[in-house]
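> Model the following, please.
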Amino acid sequence: MSIQNILLSIQYDGTNFSGFQIQENKRTIQECLEIAVRNVTGEKNRIIAAGRTDSGVHANLMYVNFLTATDIQADKFHFHLKKFLPDDILVLSSRKVDKNFHARFSVKTKTYKYVISLEKVLHPIYRNYMENITYKLNFSLLEKGLLILKGEHDFKAFCINEKNDTINTVRTIKDCYFRVENNKLYLFFIGESFLHNQVRIMAGSLIELSRGKISLEDFKNYFNEENTKRANPTLKAGGLYLDNIDYKFLIGDSDE
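Sure, this is the predicted structure:
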């Protein structure tokens, strides 16, 4: 029996999860997916994800893949999986992909979106899905801050180090921009990979800049080689969404 490499596109509400990656005695997206896949295939399948979102972070689009020896039609998997998944995870589609395809290592870019309400008071039902900022913001300064973030930089000031001094903190922001719609501010960050909490810290420091709490020079200094100060604050997890993923090669049945 031939091995199929199955790709799932999924969405999830991260509110009641301790992140994507499996952790002992914690509710995680990966564990829920692996249990559901095992119920369908009868195999112990390892789920490979495009990325690992933190506790409370949501996904409008996440890709995961797994290998299986079952003869279930690839495009029918998502129908079979739905009944074994909780209602805060949705499988949008399933398809067969090339055996060399890897949901994480084949990524070209990921797009993260951070959502901020500009209302004076945030309705409680939205508290897990956006940050609330009531300060008056200077969008011209915000634009200048985003331009500074673009390109390849050492983002050591924009991450939680977790006492690991050996990690390479150089990353490339391919693009970043903002939109304001219906009294909400949307910040978008596009890159191949991001450091732990990088997007939430970038969003927080951009708000500090645009409300006049720090100067443009202060913001630029975060990238100074001599800088030892960490950018802040880290905005809450609930406002962050993995919004889109692009791959280096076309996703398709190229192994057939």
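> since we're on the spatially closest residue to Ala74 that is not a sequence neighbour, how many residues are nearby?
Excluding its sequence neighbours, the residue lying closest to Ala74 (Cβ to Cβ, 6 or more residues apart in numbering) is Lys96, at 3.6 Å. Where you see a C-beta, it was placed from the backbone N, CA and C, and this is true even at glycine. Using other Cβ atoms under 10 Å, Lys96 has 22 neighbouring residues.
> now do Ala69
12.
> And the pLDDT at it?
Confidence at Ala69, expressed as pLDDT, is 96.
> from memory Phe66 sits against Ile6, does it?
Yes. Using Cβ atoms under 8 Å, Phe66 is in contact with Ile6, at 5.7 Å.
> Pull the distance from stretch 217-226 to the chain's centre.
26 Å (Cα atoms, centre = their mean, to the nearest Å).
> For it, what is the spacing between the initial and final residues?
14 Å (Cα to Cα, to the nearest Å).
> rewinding a little: Phe66 and Ile6: which has the busier surroundings?
Neighbour tally, Phe66 and Ile6, criterion other Cβ under 10 Å: the higher count belongs to Ile6, 23 against 20.
> now the more buried one, what's its secondary structure?
With DSSP: H, G, I helix; E, B strand; the rest coil as the basis, Ile6 sits in strand.
> which residues sit in contact with it?
Contact analysis of Ile6 by Cβ atoms under 8 Å, 6 or more residues apart in numbering lists Asn65, Phe66, Leu67, Thr68, Ala74, Phe77, Ser94, Arg95, Lys96, Val97.
> Name only those of these that count as buried.
Asn65, Phe66, Thr68, Ala74, Phe77, Ser94, Arg95, Lys96, Val97 (16 or more other Cβ atoms under 10 Å).
> burial of Val170, as a residue count?
Neighbours of Val170 using other Cβ under 10 Å come to 10.
> do the same with Glu217
By other Cβ under 10 Å, neighbour count at Glu217 equals 7.
> contacts for stretch 71-84?
Here stretch 71-84 makes contact (Cβ under 8 Å, 6+ apart) with 1, 4, 6, 8, 35-37, 39-41, 90-96.
> Repeat that for stretch 211-228.
Counting by Cβ under 8 Å, 6+ apart, 133, 135-138, 141, 144-145, 148, 153-154, 157-158, 205, 208-209, 229, 231 sit against stretch 211-228.
> Kind regards, and thank you for your time.
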